[in-house]
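Novice: how would this look folded up:
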Amino acid sequence: MRLRVVAPLALLAAALATGIAVAAQRPDPVTQQIERQLAADDGLDLTAAYPPPKVTAKGWLVYDAGTGEPIAGKQAGTPRPIASLTKLMTALVVVDRLDLDSTVTIPASVNDLPADASRMDVRAGEKWKASDLLDATLVYSANDAALSLASAVEPDGEAAFVDLMNEQADELGLSDSHFASATGLDDGGASSTSTPIDLVSLTVAALAQQPIKDAVATKTLKLKRPNGEPLDTLTNRNPLLGVYDGVDGMKTGFTDAAGYMLSIHQVDDDTDGQLIVVTFASTSEATRVSDSKALLDWARPLRQNLVVVEGGEPLGTIPIQRSDDHLAVFACDDATVSVRVGERLVQELVVPKSVAGPIKAGDEIGSLRIHAAGDDAPSTVADDRTDVTTPICAADAVPQRTRWDELADRAADARSAWRMGTDEVRDLWNDLT
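Specialist: Next up, the predicted model:
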């Protein structure tokens, strides 16, 4: 077994954590895992060697969604108002409690929304499909759609729906989050509040629900009223969707109290990496975009494809049975893994202790497994990028032993035994005389 420290960017840097050990029972909430990892002080500080960019956001967190590890953050545990990022929790409660194929009657409360609140322009008394309202809530941040869904889930009113939101937050372990409305609009001066850590956890939970994942990836939404009249096209408010490579969701938010908020999910097809970037309280609509882009630009190169073993590379020798010779072996193919800067990899050879013919040159006789140093413990996230197996092949041929070879071996064994016996007799006689 060999331990190799990987630094694709030639940085003396390491990951904030090497993995999450989780027992077979129900795993810790993602929030607790992130808090534990950010608090860990093991001397492997990535940001010291590779500092993140300066951004206007007062709080932020960059999270590796593939491995379930935080990369870096600032004031990531500080609660602040979250504006329309609240709608991610609204959507979670709706998906969990409402049939999306059902019909929702638009409540009169939509008429009480502020004039400048984002809306899809439904009318009280209209009947809409729940899935259309969910899409409008997430694509266009439509407050009238969110209120309508809340009323369908909880006929006792928005306050009762908000209780469900906070119950869901408790179940997810969002201990620093409190929801005050279904929309994220300030309700009588009370704001929904959360932290970057909790919002990453909420984003992970939301992406696990296919209707939500599909909605946040939708660039434009064309809907018709129940009478067939088309609504204006609703364009996704996510400024990086379809603009920044690999961004396929999530959600924006803004109120005067919250500032400009953004949660982003980005997938890198080249390395199969996944990032979640959450920014809180950027100074303007423009800096909300530039803050997220800068953090993505910083974090993406930290994961690269690395050829750990090249095809044809010698890997050692294996004894050949009944012989003083050894068989040389090599990696049959390249072993390429997706790694983050500083991630520690282990190489494990799985081969027999000895071999016997017939073996042809090029025959597969074992395997080489390459995995992250902490892979033996179960993880909350399946990470196939750093669990790669490549075959090991024979460099030379080993002929099959014939019957004459076996007879010759037996004769040699007999001669050896006879010699050992006569030596013992002579030694005994010498001792006696």
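Novice: Which parts of the stretch 201-350 of the chain are strands?
Specialist: Here the stretch 201-350 of the chain has its strands, by DSSP state E, counting those that start in this stretch, at 220-221, 234-235, 247-255, 259-268, 273-282, 303-309, 314-319, 326-331, 335-340, 344-350.
Novice: how close does the residue nearest to Gly366 when sequence neighbours are not counted get to Asn143?
Specialist: Spatially, and ignoring its direct neighbours in sequence, Gly366 is nearest to Val351 (3.4 Å; C-beta to C-beta, 6 or more residues apart in numbering). C-beta here means a position set from N, CA and C on the backbone, and glycine is covered the same way. Separation of Val351 from Asn143 (C-beta to C-beta, to the nearest Å) stands at 63 Å.
Novice: Same check on Thr195?
Specialist: From Thr195 across to Asn143, the span is 23 Å (C-beta to C-beta).
Novice: what's the straight distance from one end of stretch 150-159 to the other?
Specialist: One end of stretch 150-159 to the other measures 9 Å (C-alpha to C-alpha, to the nearest Å).
Novice: got the contact list for that stretch?
Specialist: 90, 93-94, 97-98, 102, 104-105, 107, 109, 130, 147, 160-161, 164, 181-182 (C-beta atoms under 8 Å, 6 or more residues apart in numbering).
Novice: now swap in stretch 114-130 and tell me
Specialist: With C-beta under 8 Å, 6+ apart as the test, stretch 114-130 has contacts from 84, 94, 98-108, 110-111, 113, 133, 136, 140-145, 148-149, 152, 183, 185, 223, 225-226, 231-232, 234, 237.
Novice: follow-up on the earlier one: give the contact list for the residue nearest to Gly366.
Specialist: Counting by C-beta under 8 Å, 6+ apart, Val351 makes contact with Ile318, Val329, Ile365, Gly366, Ser367, Ile392.
Novice: Can you tell me the SS state at the closest residue to Ala397 other than its chain neighbours?
Specialist: What sits nearest to Ala397 in space, not counting adjacent residues and going by C-beta to C-beta, 6+ apart, is Ala361, at 5.0 Å. Classification of Ala361 using DSSP: H, G, I helix; E, B strand; the rest coil returns coil.
Novice: Residue numbering should commence at 52 henceforth.
Specialist: With the count now opening at 52, the last piece we talked about shows up as Ala412.
Novice: residues in contact with Ala412?
Specialist: Ala445, Ala446, Asp447, Ala448.
Novice: Those residues: which two are farthest apart?
Specialist: Ala446 and Ala448 (9.3 Å; C-beta to C-beta).
Novice: which one of the strands of the stretch 252-401 of the chain is the most hemmed in?
Specialist: Neighbour counts (mean count of other C-beta atoms under 10 Å) averaged over each of those peak at strand 324-333, with a mean of 26.
Novice: Could you list every helix and strand in contact with that one?
Specialist: In terms of contacts (3 or more C-beta pairs under 8 Å, 6 or more residues apart in numbering; DSSP states H and E), strand 324-333 is packed against strand 110-115, helix 247-258, strand 310-319, helix 336-350.
Novice: Just the terminal-to-terminal distance for stretch 131-140.
Specialist: Taking C-alpha to C-alpha, the first and last residues of stretch 131-140 lie 16 Å apart.
Novice: what separates that stretch from the chain centre, distance-wise?
Specialist: Stretch 131-140 sits 22 Å away from the centroid of its parent chain (C-alpha atoms, centre = their mean, to the nearest Å).
Novice: which residues make contact with that stretch from outside it?
Specialist: 109-110, 169, 188-189, 192, 197, 216, 219-220, 228, 230, 232-235, 237, 242-246, 250, 253-254, 257, 263, 301-306, 308-309, 312, 314, 331-332.
Novice: burial of the residue nearest to Asp319 when sequence neighbours are not counted, as a residue count?
Specialist: The shortest distance from Asp319 to any residue other than its chain neighbours is 5.4 Å, reached at Gly297 (C-beta to C-beta, 6+ apart). Residues near Gly297, counting by other C-beta atoms under 10 Å, number 17.
Novice: now do the one 10 residues further on
Specialist: For Asp307, the number of neighbouring residues by other C-beta under 10 Å comes to 8.
Novice: Distance check, it against Asp167.
Specialist: 11 Å.
Novice: Show me the contacts of stretch 165-181 that map onto helices.
Specialist: Val145, Leu184, Ala187, Asn194, Asp195, Ala196, Ser199, Leu200, Ala203 (DSSP state H).
Novice: Can you lay out the residues you listed as TSV showing pLDDT and neighbour count?
Specialist: As requested, those are exported to TSV (pLDDT from 0 to 100; neighbours: other C-beta atoms under 10 Å):
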residue	pLDDT	neighbour count
Val145	98	28
Leu184	98	26
Ala187	98	28
Asn194	97	24
Asp195	96	25
Ala196	97	33
Ser199	97	26
Leu200	98	28
Ala203	97	22
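Novice: host element of Asp147?
Specialist: Element membership for Asp147, per DSSP states H and E: helix 137-148.
Novice: hang on, the earlier thing: closest to Arg391 out of the helices and strands packed on strand 324-333?
Specialist: strand 110-115 (6.7 Å).
Novice: and the closest one, what's its mean pLDDT?
Specialist: Taken as a whole, strand 110-115 has an average pLDDT of 95.
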